[in-house]
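**Student:** Sequence and predicted structure below; questions after.
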Amino acid sequence: MNRKLKLIGTAILIATFASTFSACSDTKTDEQARYMRVYGTIYNDGELIVTENAVLSFLQYSDMSTIALCGQSNCDHSNAVTEDGLPCLAYGKQTLPFLYNEKLYWFEDRYETKDGKAVESAVLHSSDPLGTSEKEVCKIEGFSCDWISTSVLKNNTLLFFPYQSAYDEKGAITGDNTNHFGVLDIETGKFTDFGATENNKTKILGVYDNKFYFNSSVYDIKTGKYSENTMPSEPPAVRLSDDYYAYNNDSNIEVLTPKTSEPIVIHNDKILSETVILGDYLFQCDNAQWYYYNLKDEAPARHDISYGEGLYAQVLSEYEDSYIISVYNAEEQTITKEKVAKSDILGE
């Protein structure tokens, strides 16, 4: 392909992704908590993912295609450098990447010497969605983010666990890290350190009713108050969404909502490692049998799902009239993502 055709292709790519991004990332009105995990961050129209060769990409739910987030005109994203010697803008952004207010953000760990001592900093960068117009947003001195696997973005608030490294007498990192709970305002760059976590744990339960639950603590996102969690919180027997707090109670699942005083009770079942709450549905997968409960029902009943019989499936997201699901085939040892009509899952 000649250079002119590549330029045309890149222009089409930018236009295509720009229309998708504007739909998926309008976080000024999007109240949903976004969970940044190793495998990706889910948005309304797709997922921000890092591929096996460390290329930051966006999986579009519309056609299930993947776009590398690089606006370089002569780049095939197979190497960190293009044929022209320019950097591939999709490389080097695998540390907590996220989309907010039509911009791409990611962290970089930076190590400097200050007064003869090693100083680490977690530096937050931003750019346009395809990597251009990059700038440094803020620097959190004394912390690193390189090994963080999960964080949460709620509106403009990043809830995460930066860590402080330990050094030996020669200035070498020992690997004895201390995890802290931190809150970062993306708009202002203000970072608040709430101190080391209990027993160095970083177990995220989720966001429910504008409160962030983790370990045995809760952080009120609106008030900034940090306190002990008095709700049932023993993982993995807890599942949270913006509107539901589900937990095991003896042989039943109980589900709290902000609008009701008494929990919804699902009899003779328990939260499993594959349990997912999406919208008003609680999905289960037990020994390759997939089923769900409608939490809007007065007495939620079990509904078996016939789609993907014999496969281990999990709902990841919803897109228009479809669900995006992850399917594990035990016989072939493969994991695939599929877009399936909601009617095929719910039978409604």
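**Tutor:** Looks like it arrived, so ask away.

**Student:** Spatially central residue for the protein, please.
**Tutor:** Residue closest to the mean C-alpha point of the chain, counted by CA atoms, centre = their mean, is M36 at 2.2 Å.

**Student:** Pull up the gap between D76 and D344, please.
**Tutor:** Computed as CB to CB, to the nearest Å, the D76 to D344 distance reads 36 Å. C-beta here means a position set from N, CA and C on the backbone, and glycine is covered the same way.

**Student:** rewinding a little: the residue nearest to the centre of the chain is in contact with L96, isn't it?
**Tutor:** Yes: using CB atoms under 8 Å, M36 is in contact with L96, at 5.7 Å.

**Student:** Common neighbours of the two, please.
**Tutor:** Common contact partners of M36 and L96 (CB atoms under 8 Å, 6 or more residues apart in numbering): S151.

**Student:** what's near enough to touch G175?
**Tutor:** So G175 contacts S165, A166 (CB under 8 Å, 6+ apart).

**Student:** per-residue confidence for it?
**Tutor:** pLDDT recorded at G175 is 71.

**Student:** where does the stretch 201-348 of the chain dip in pLDDT?
**Tutor:** For the stretch 201-348 of the chain, applying pLDDT under 70 flags the ranges 309-310.

**Student:** Which residue ranges of it form helices?
**Tutor:** 342-346 (DSSP state H, counting those that start in this stretch).

**Student:** now the stretch 1-150 of the chain
**Tutor:** Using DSSP H, counting those that start in this stretch, helices in the stretch 1-150 of the chain cover 3-24.

**Student:** So, low pLDDT: which residues of it?
**Tutor:** Across the stretch 1-150 of the chain (using pLDDT under 70), the flagged ranges come out as 1-30, 39.

**Student:** all strands in it, in order from the N-terminus.
**Tutor:** Assigned by DSSP state E, counting those that start in this stretch, the strands in the stretch 1-150 of the chain fall at 34-37, 40-42, 46-50, 56-60, 65-68, 98-100, 103-114, 117-127, 135-141.

**Student:** in the longest one, what counts as buried?
**Tutor:** Going back to what we said before, that points to strand 103-114. By 16 or more other CB atoms under 10 Å, the buried positions in strand 103-114 come out as K103, L104, Y105, W106, F107, E108, D109.

**Student:** Which of these lies at the shortest distance from S227?
**Tutor:** Distances from S227 to the buried residues of strand 103-114, taken as CB to CB, are shortest for F107 (27.4 Å).

**Student:** so what's the closest one bridging to?
**Tutor:** L124 (DSSP bridges).

**Student:** just K135 next, same as before
**Tutor:** Going by DSSP bridges, K135 is paired in beta bridges with S126.

**Student:** burial count for E83?
**Tutor:** By the criterion of other CB atoms under 10 Å, E83 has 12 neighbours.

**Student:** hang on, I meant L153
**Tutor:** By other CB under 10 Å, 25 other residues sit near L153.

**Student:** same deal with N287?
**Tutor:** For N287, using other CB under 10 Å, the count is 6.

**Student:** about what we covered before: let's have the strands of the stretch 1-150 of the chain in TSV, adding distance to A166.
**Tutor:** TSV is the format used below for the strands of the stretch 1-150 of the chain (distance: least, CB to CB, whole Å):
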stretch	distance to A166
strand 34-37	25
strand 40-42	30
strand 46-50	28
strand 56-60	30
strand 65-68	37
strand 98-100	28
strand 103-114	14
strand 117-127	11
strand 135-141	16
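
**Student:** looking at these, which is closest to G92?
**Tutor:** Closest of the strands of the stretch 1-150 of the chain to G92 is strand 103-114, at 7.6 Å (criterion: CB to CB).

**Student:** Can you spell out which helices and strands pack onto that closest one?
**Tutor:** Strand 103-114 sits against strand 98-100, strand 117-127, with contacts defined as 3 or more CB pairs under 8 Å, 6 or more residues apart in numbering; DSSP states H and E.

**Student:** run the last query once more with 6 Å
**Tutor:** With contacts defined as 3 or more CB pairs under 6 Å, 6 or more residues apart in numbering; DSSP states H and E, strand 103-114 has these neighbours: strand 117-127.

**Student:** Just the CA atoms of the strand it packs on, as CSV, please.
**Tutor:** Provided in CSV are the C-alpha atoms of strand 117-127 (Å, rounded to 0.1, in the frame of the first residue of the first chain):
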residue,chain,number,x,y,z
LYS,A,117,17.7,9.4,46.8
ALA,A,118,15.5,7.6,44.3
VAL,A,119,12.1,9.1,44.0
GLU,A,120,9.2,7.4,42.2
SER,A,121,6.2,9.2,40.7
ALA,A,122,3.0,8.1,39.0
VAL,A,123,2.5,10.5,36.1
LEU,A,124,-0.9,10.9,34.5
HIS,A,125,-0.9,11.7,30.8
SER,A,126,-3.7,12.6,28.4
SER,A,127,-4.2,12.8,24.6
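
**Student:** Lovely, talk soon.
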